[in-house]
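Undergrad: One predicted model, sequence on top.
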Amino acid sequence: MTLPGLAWLDALGPQRMRPGLARTRALLASLGRPERAYRTVLVAGTNGKGSVSATLASVLDAAGLVTGLTTSPHLVRVNERIRVAGADVSDAELDSVLRLVAAISPGGDLHPTYFEALVVAALELFRRRGVQVAVVEVGIGGRLDATNVLDPEVSIVTNVAEDHLDVLGPTLRDVAREKAGIFRRGQPALTGASGEPLAVLEGEAERVGARLVVIPPTDRYDDVRPLAGAHQRANVALAVAAARALAPLDEATIRRGVAATRWPGRLQRVGRPGRRDLLLDGAHNPDGARALAAALGELGLDGRCDLVFGGLADKALPEMFAALAPFVRRTVLVAPGSPRAEEPARLAARLGREDLPRAASLGEALELLDGGPGGGEGAGAAPIIVAGSLFLVGDALRLLGQG
């Protein structure tokens with residue numbers, strides 16, 4: 001039986017972003033401003049913000065701070081979006097606070113979206129659990145995202161690339177400006193951005209009075225970081241820089257925290273008894289797909305893997321596929337489990353690849369690849385990649401009974 005608070009959340013349903021802070025501010029005011037009970041960090045960016053958030057929270061946990069982490073979207077269970085001290089909150093905890101949020105939610109224009117309800121629930125849960133530092137991943141953009149009601153001690157913009165242009169664009173400069181909306185006067189702002197987006201971030205930091213610092217990637221933690229891929233060097237560098245800005249940390253603590261990072265669905269290799277492993281990666285925009293393609297070379301998998309590919313209809317799927325196709329053998333198209341998913345037939349047309357096989361489910365797609373050429377190579381062979389959407393990664397984890 002679904003608990004009442006979680007049922008109320010589900011009833012809010014998937015919605016397009018409704019930019020603005022009024023709904024979130026009204027709910028937090030009704031709760032007595034729980035976000036003022038602890039220090040906060042805001043993490044925005046096109047790619048890597050979840051990896052940075054998870055790594056930063058893990059380092060702060062290792063330092064002995066009671067750390068809260070809220071991210072989105074979830075892969076399997078909504079509880080994944082809210083962690084305290086490295087553990088997902090329980091059904092009972094989440095239901096209790098959601099019932100309270102439901103009770104104080106007004107109707108009409110101030111009724112919260114699914115995302116806003118979860119942000120408010122997370123901030124109240126952090127107060128209840130005595131959190132000292134909350135690491136909060138921005139949803140979309142920054143300036144008008146629900147998370148921007150916070151007053152962060154440190155703001156992070158991982159990078160800026162073309163994604164959500166319909167909401168944040170139309171140009172890359174517009175996207176950068178929206179993400180810079182989380183900067184605060186007199187506070188440090190960290191970024192790994194470069195080129196034109198960096199110039200925009202610098203201009204916005206000067207206008208606001210924030211102290212922008214460009215953090216270069218580091219290979220210093222390559223021997224302990226569990227998140228694979230050279231692109232994670234930029235993410236771990238940002239996380240460590242933010243942690244040092246919040247607390248005096250020795251190197252042993254940082255290394256222990258980096259090593260303990262848990263962030264599924266990002267170059268995550270999962271075994272299947274008697275069959276090839278799966279390599280799960282969200283890769284939900286062109287930059288993410290290019291990072292995955294580069295990682296295949298680093299891992300010695302270039303040209304050896306098969307691919308199950310699918311994504312959301314509003315994403316740049318042809319550009320994403322173009323980045324991956326040269327590095328895989330065979331591809332099967334499938335729709336991820338989301339109302340916004342692109343149907344395989346339409347996806348094939350968008351890709352200009354009517355020859356690609358399509359499957360009605362992820363399970364069917366894997367059966368096609370398991371039974372085709374190379375499918376009998378067994379567990380020791382190159383893995384099957386599942387990529388194009390975090391929703392598709394969640395489908396894979398559910399299929400494997402993980403979550």
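TA: Right, received. Where do you want to start? Numbering: from 1, shown residues only.
Undergrad: Please list the outside residues in contact with stretch 265-272.
TA: For stretch 265-272, the surrounding residues in contact (Cβ atoms under 8 Å, 6 or more residues apart in numbering) are 50-51, 75, 227-229, 277-282, 292, 295, 379, 383, 390, 393-394, 396-397, 400, 402. C-betas here are computed from N, CA, C, even on glycine.
Undergrad: Show the buried residues in the residues you listed.
TA: Buried members of these, scored by 16 or more other Cβ atoms under 10 Å, are 50-51, 75, 227-229, 277-282, 292, 295, 383, 390, 393-394, 396-397.
Undergrad: Show me where the stretch 201-350 of the chain has its strands.
TA: Assignment of strands within the stretch 201-350 of the chain using DSSP state E, counting those that start in this stretch yields the ranges 211-214, 268-272, 275-281, 305-309, 328-333.
Undergrad: what pairs with the longest one, and is each one parallel or antiparallel?
TA: Sheet pairing for strand 275-281, assigned by DSSP bridges, gives strand 268-272 (antiparallel), strand 384-387 (parallel).
Undergrad: May I see the buried residues of the first one?
TA: Which is strand 268-272. If you call a residue buried by 16+ other Cβ under 10 Å, then strand 268-272 has these buried ones: 268, 270.
Undergrad: Show me what counts as buried in stretch 289-298.
TA: Of the residues in stretch 289-298, those buried under the neighbour-count criterion (16+ other Cβ under 10 Å) are 289-296.
Undergrad: same question, stretch 63-76
TA: Across stretch 63-76, burial judged by 16+ other Cβ under 10 Å covers 63, 65-76.
Undergrad: List just the nearest of the residues you listed to L125.
TA: G68 (7.5 Å; Cβ to Cβ).
Undergrad: In a strand, the closest one, correct?
TA: Yes - with DSSP: H, G, I helix; E, B strand; the rest coil as the criterion, G68 is part of a strand.
Undergrad: ok, it - contacts?
TA: 38, 57, 82-84, 122, 125-126, 129, 131, 133-135.
Undergrad: Cross those residues against strands and list the overlap.
TA: 82-84, 133-135 (DSSP state E).
Undergrad: Let's see if you can find the most crowded of those.
TA: Neighbour counts for those, by other Cβ atoms under 10 Å, peak at V135, which reaches 32 neighbours.
Undergrad: wait, it sits on D61?
TA: No - assessed by Cβ atoms under 8 Å, V135 is found out of contact with D61, at 10.1 Å.
Undergrad: Now the common contact residues for these two.
TA: T67.
Undergrad: give me the low-pLDDT residue ranges for the protein?
TA: Within the chain, the ranges that satisfy pLDDT under 70 run 1, 15-16, 165, 372-380, 403.
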